[in-house]
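Student: Fold the following, please.
(2 chains)
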Amino acid sequence: MTLHRISYVTGDFMADLIEYKCPCCAGKLEFNSGTQNMKCPFCESEFDVDTVQQYNEQLAAASGDNMNYSSSAGGEWTNEEAQGMSVYSCQSCGAKIIADPSTSASSCPYCDAPIVMSGNLSGELKPDLVIPFKLDKKAAKAALSKHLDGKRLLPKVFREENHIDEIKGVYVPVWLFDADADAHMIYKGEKRRTWNDSSYNYTEISYYSAVREGTLAFANVPVDGSSKMADDLMESIEPFDIKDAVEFKTAYLSGYLADRYDVSAEDSIERANQRIKRSTEETFRATVKGYTNVSTESSNVNFQNGKSRYALYPVWLLNTTWNGNKYTFAMNGQTGKFVGNLPADPGMAAKLFIGIAAVSTAVLFGLAKLMGLC
Amino acid sequence: MLKKILAMAASAVILAVPFSVPCCNTAPLSAEAAYTDDLDFGDLDQYFVDEDEETFDSVDDYDPYFGEEADHHKDEDSKGSEKRSPVVVFFFCLMIGLIIALIVVGSMWAKLKTVHMKSNASDYTKPENLVLRVNTDTFLSKKVDKSARASNNN
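Tutor: Below you'll find the model as predicted:
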């Protein structure tokens, strides 16, 4: 049921017209003096006045979502740390890559274009946490080979030409959001019962209002802090286990590249909110059981204890180009989860389609003959 | 993995459906099977007294309805084994073959795409993290619809 409050300002007083909509058909409810109930003139459903009033109050209390974070993510680099790191700029995509002086960085991990040293780390935030690489380059190469195996539609040339040795270990910047999602949800539940007698079929629909209010805690929801790293690629290699995260030290960057964030925590909040809100709604919805149909009447999610942190996540990256299209593969440097869309060979697909169709048809026709169907 | 299982299940169903009904109709039903279908196995001893006699003879001797039953099943067999035009059967097989090919190649194509956005943050919470303060279900109203049953005078 949805409440619409319409206010009219007339001279010195304000008159409120309260309109109640029928939960069954959304028609306008009217008071029925005969039954002393609220009745829908369209579907003839009747509602107890007190129930409607209580429901009215619940809906009126539901306000908009409030999703704010107190962000104190990131620390400051010490002079020693800042001077000990080199910053490279990609001439092609503009990525800013950090590496320690012992790591030779010559090409961009995102686009493979040459990178040049451009300065130091002044003015940048220092990560709060880092998950160190657990899997080495050898494991990444093995995962890539396994990823390409068994893909019959993969063009042979692509398999032969991909530059497996150019796989790079990169620390990708992420913002981690913690929040307690405090939700107030109102659902409409329907229970259906059918029976019949000698003359009629009967369907009874009982309507219920299910109210759920509570808190669901989320910890370390990551949002990609680099515009160069594709968000879908980064989310596809999730989850990372934060239990392995340690306080950031520049020593962890030795031998690897690190990207600097170029998407701020404030700009990343929206994505974190989307995911947290969706999970909250799904979890609360799962508590409404025993109904034939359930629909959400009102959803109100507020965040409490929201905070964000800045972290570096380990990712093995490989870029390759084929037929003018860029393909990027990523492996979770902690769990080994490997993803990356692959090109399909339309010619091979057509051949396989025709071959499978021909063999299937022949086998089926042969079976039909054997069974004497024709 | 799920797609693969679904594809295999769909293929199996497609393969099974066209042949399942004819199989039942065309399966030869032996006289012995027809006989035992209608009898309780617990009573078999009292019918088969002499093991040296041929089974079919003894069945005929003891079951006065056997002949009628067998004729009845013969009629059913002749209906089930009615032959269709090879062109129609081939066309039907071709359609099924194309569907199988589409499912298999579609599944191979889908395996090439492994990058997807996550829709939620379920990896970063646990069901036990949920603390419900209000958990109420209130009855609002009830509505009964009735519709006349279709008359069945046959």
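
Student: Low-confidence regions, chain A specifically.
Tutor: For chain A, the stretches flagged by pLDDT under 70 are A:1-18, A:26, A:56-57, A:59-72, A:79-80, A:82-84, A:101-106, A:116-124, A:162-163, A:165.

Student: whoops, I mixed them up, chain B
Tutor: Chain B contains residues with pLDDT under 70 at B:1-82, B:151-154.

Student: make it 90
Tutor: Residues of chain B meeting the criterion pLDDT under 90: B:1-86, B:119, B:126-129, B:140-143, B:149-154.

Student: roughly how far apart are B:K111 and A:A368?
Tutor: Using C-beta to C-beta, to the nearest Å, B:K111 is found at 32 Å from A:A368. Yep, even glycine has a C-beta here, placed from its N, CA and C like the rest.

Student: and the host helix or strand of A:E190, how far out from the chain's middle?
Tutor: Following DSSP states H and E, the helix or strand that holds A:E190 is strand A:168-196. Centroid separation for strand A:168-196 versus its chain: 11 Å, with C-alpha atoms, centre = their mean, to the nearest Å.

Student: ok, back up a step: which of B:K111 and A:A368 has more residues huddled nearby?
Tutor: A:A368 (20 against 17; other C-beta atoms under 10 Å in any protein chain shown).

Student: right, and the secondary structure at the more buried one would be what?
Tutor: Recorded secondary structure, A:A368: helix (DSSP: H, G, I helix; E, B strand; the rest coil).

Student: which residue sits closest to it in space, ignoring its chain neighbours?
Tutor: Nearest residue to A:A368, sequence neighbours excluded (C-beta to C-beta, 6 or more residues apart in numbering or on different chains): B:V89, at 5.0 Å.

Student: what's the span of stretch A:332-342, first residue to last?
Tutor: 18 Å (C-alpha to C-alpha, to the nearest Å).

Student: Report how many residues lie close to A:G290.
Tutor: 10.

Student: Secondary structure element holding it?
Tutor: Counting by DSSP H and E, A:G290 is part of no helix or strand.

Student: what's the answer for A:L135, then?
Tutor: Using DSSP H and E, A:L135 maps to neither a helix nor a strand.

Student: wait, doesn't it sit right on A:F338?
Tutor: No. Counting by C-beta atoms under 8 Å, A:L135 does not reach A:F338; the two are 10.1 Å apart.

Student: anything in contact with each of these two?
Tutor: A:M331 (C-beta atoms under 8 Å, 6 or more residues apart in numbering or on different chains).

Student: which residues touch stretch B:105-113?
Tutor: For stretch B:105-113, the external contacting residues (C-beta under 8 Å, 6+ apart) are A:150-154, A:341-344, A:349, A:352-353, A:356, B:3-4, B:7.

Student: Throw together a ChimeraX command that grabs the buried residues out of those.
Tutor: To isolate in ChimeraX the members of the contacts of stretch B:105-113 that are buried, counting by 16 or more other C-beta atoms under 10 Å in any protein chain shown, one can use:
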select /A:151,153,154,341,342,343,344,349,352,353,356 /B:7
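
Student: what's the farthest-apart pair in the contacts of stretch B:105-113?
Tutor: Spatial extent of the contacts of stretch B:105-113 (C-beta to C-beta) is set by the pair A:N341 and A:I356 at 23.6 Å.

Student: Output the set of residues of the stretch 251-374 of chain A in proximity to chain B.
Tutor: Within the stretch 251-374 of chain A, the positions lying close to chain B (C-beta under 8 Å from any C-beta of the partner chain) are A:272, A:275-276, A:278-279, A:282-284, A:287-288, A:339-344, A:349, A:352-362, A:364-365, A:367-368, A:371-374.

Student: List buried residues within those.
Tutor: Using 16+ other C-beta under 10 Å as the burial test, these include A:272, A:275-276, A:278-279, A:283-284, A:288, A:339-344, A:349, A:352-353, A:356-357, A:360-361, A:364-365, A:368, A:373-374 as buried.

Student: Tell me which of those fall in helices.
Tutor: Using DSSP state H, the subset of these located in helices is A:272, A:275-276, A:278-279, A:283-284, A:349, A:352-353, A:356-357, A:360-361, A:364-365, A:368.

Student: all strands for the stretch 101-250 of chain A, in order.
Tutor: A:115-119, A:125-126, A:129-130, A:168-196, A:200-224, A:246-247 (DSSP state E, counting those that start in this stretch).

Student: which residue is nearest the centroid of chain A?
Tutor: Centroid-nearest residue in chain A, with C-alpha atoms, centre = their mean: A:R275, separated by 4.8 Å.

Student: Need the phi and psi values for the residue lying closest to that residue once chain neighbours are set aside.
Tutor: Spatially, and ignoring its direct neighbours in sequence, A:R275 is nearest to B:A121 (3.9 Å; C-beta to C-beta, 6+ apart). Backbone torsions of B:A121, given as degrees, to the nearest 10, read phi -120, psi 40.

Student: who in the stretch 51-200 of chain A is up against chain B?
Tutor: Near chain B, when you scan the stretch 51-200 of chain A using C-beta under 8 Å from any C-beta, you find A:51, A:54-55, A:147, A:150-154, A:184, A:189, A:196, A:198-200.

Student: Those residues in helices, which ones?
Tutor: Residues from these lying in helices, with DSSP H as the criterion: A:T51, A:Q54, A:Y55, A:H147.

Student: Between those residues, identify the one with the most neighbours.
Tutor: Counting neighbours by other C-beta under 10 Å, A:Y55 leads these with 24 neighbours.

Student: Run a quick neighbour tally on the residue nearest to A:A358 when sequence neighbours are not counted.
Tutor: Nearest residue to A:A358 in three dimensions, chain neighbours excluded: B:G97, at 7.1 Å (C-beta to C-beta, 6+ apart). For B:G97, the neighbour count with other C-beta under 10 Å is 22.

Student: in which helix or strand would I find B:G97?
Tutor: Using DSSP H and E, B:G97 maps to helix B:86-110.

Student: coming back round to it: closest to A:S206 out of the contacts of stretch B:105-113?
Tutor: Within the contacts of stretch B:105-113, the smallest distance to A:S206 is 39.1 Å, found for B:K3 (C-beta to C-beta).

Student: Which residues are in contact with A:I237?
Tutor: Taking C-beta under 8 Å, 6+ apart, we find A:I237 in contact with A:V315, A:A330, A:M331, A:N332, A:T335, A:K337, A:F338, A:V339.

Student: possible to save those residues as CSV with secondary structure?
Tutor: As requested, the contacts of A:I237 are exported to CSV (three-state DSSP):
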residue, secondary structure
A:V315, strand
A:A330, strand
A:M331, strand
A:N332, strand
A:T335, coil
A:K337, coil
A:F338, strand
A:V339, strand
